[in-house]
Structures are given as C-alpha cells and as structure tokens.
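K.L.:
Next input, structure requested:
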Amino acid sequence: MSKYQQKAYTAEERKKAIDMYSEKIQYSPRYSNEDWEYRHVIIPKQLVRYVPPGVCPEDVWRGIGIRQSPGWEMYMRHDPHVLLFRRPKNYDQMHQPFSQAMGARTLNLAGVKK
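P.N.:
Here you go, the predicted structure:
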C-alpha cells in the first residue's frame, strides 16, 4: 500500500477519532501580505488518515474538527498533517459576521413603533 492509499475505516472509527483528537488541532497565528491573510493548521497524526491527499474542500476539513471563521480556503498541504489556509485580506471588514448583522437588525426593529 503506498503512502497515498488510505485504509478503509468505518464511520464509527472516524467519529471516535475526531471526538478524541479534534481538541489537539493546533492553529497558527494569522500572518499576511498585501493581498492575503494566512494561517496553518497542524492536525494530529491520528486524524491524517481521515483527510484525503491534496487540497480539500471546506466540508472535508471542517468535518475532521477544524474550526475557523468563514472565508478560509485550504490552498496547500505542507506535510500530511500541516494544512495551509488563506483568505482575502480584510475579509472580516468586507463580510460582516452574521451575529453582528442580526444584532443591528434587532436594534433597528426595536426602534420601530407599532
């Protein structure tokens, strides 16, 4: 079996591993250049087998317990357990968090007289 072929696993094995190791996921501080904001995430080696090789879509990396704010995309993999992410710089200013938007809406509705 090559290092890129994955052994089959059950959904129960996967869930148990994610529950056990997702708290051990390490997140780097954010760093940036003129265009992008970056961070890398180190997943425990026990979770590597549940991530397909290469760049993964958001539902896959979130599915193993990686928790990040919206807008992050995986763009590269350094090692099997080091995932690199980026998002446009100033993403938070361009996309107001849902909780803040709903808070503002609630305030606006509270000011409306019936």
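
K.L.:
where are the low-confidence patches of this structure?
P.N.:
For the chain, applying pLDDT under 70 flags the ranges 1-7, 97-114.

K.L.:
can you pull out the strands in it?
P.N.:
Applying DSSP state E to the chain gives strands spanning 26-27, 31-32, 36-42, 73-79, 82-88.

K.L.:
Buried residues, the last one. List them.
P.N.:
Counting neighbours by 16 or more other Cβ atoms under 10 Å, one finds that the buried residues in strand 82-88 are 83, 84, 85, 86, 87. Backbone N, C-alpha and C define where each C-beta goes, glycine included.

K.L.:
and the gap between the fourth one and residue 93?
P.N.:
The one in question is residue 86. Computed as Cβ to Cβ, to the nearest Å, the residue 86 to residue 93 distance reads 17 Å.

K.L.:
Over to residue 16?
P.N.:
Distance from residue 16 to residue 93, by Cβ to Cβ: 40 Å.

K.L.:
tell me the helices in this structure, going along the chain?
P.N.:
Ranges of helices in the chain, per DSSP state H, are 11-21, 45-48, 58-63, 91-94, 98-110.

K.L.:
Any chance you could list what contacts the fourth one?
P.N.:
Residues from elsewhere that reach helix 91-94 (Cβ atoms under 8 Å, 6 or more residues apart in numbering): 37, 69, 70, 71, 88.

K.L.:
How many neighbouring residues does the first one have?
P.N.:
If I follow you right, that is residue 37. Using other Cβ atoms under 10 Å, residue 37 is surrounded by 18 other residues.

K.L.:
how near is it to residue 86?
P.N.:
7 Å.

K.L.:
Run through the residues that contact residue 63.
P.N.:
residue 18.

K.L.:
Relative to residue 11, how far out is it?
P.N.:
Relative to residue 11, and taking Cβ to Cβ, residue 63 is found at 11 Å.

K.L.:
ok, now residue 69?
P.N.:
Between residue 69 and residue 11 the computed distance is 28 Å (Cβ to Cβ).

K.L.:
ok, now residue 81?
P.N.:
To residue 11, residue 81 is 22 Å away according to Cβ to Cβ.

K.L.:
out of these two, which sits in the more crowded spot?
P.N.:
When neighbours are counted by other Cβ under 10 Å, residue 81 and residue 11 differ, and residue 81 comes out ahead with 17 against 7.

K.L.:
Nice, that's everything, thank you.
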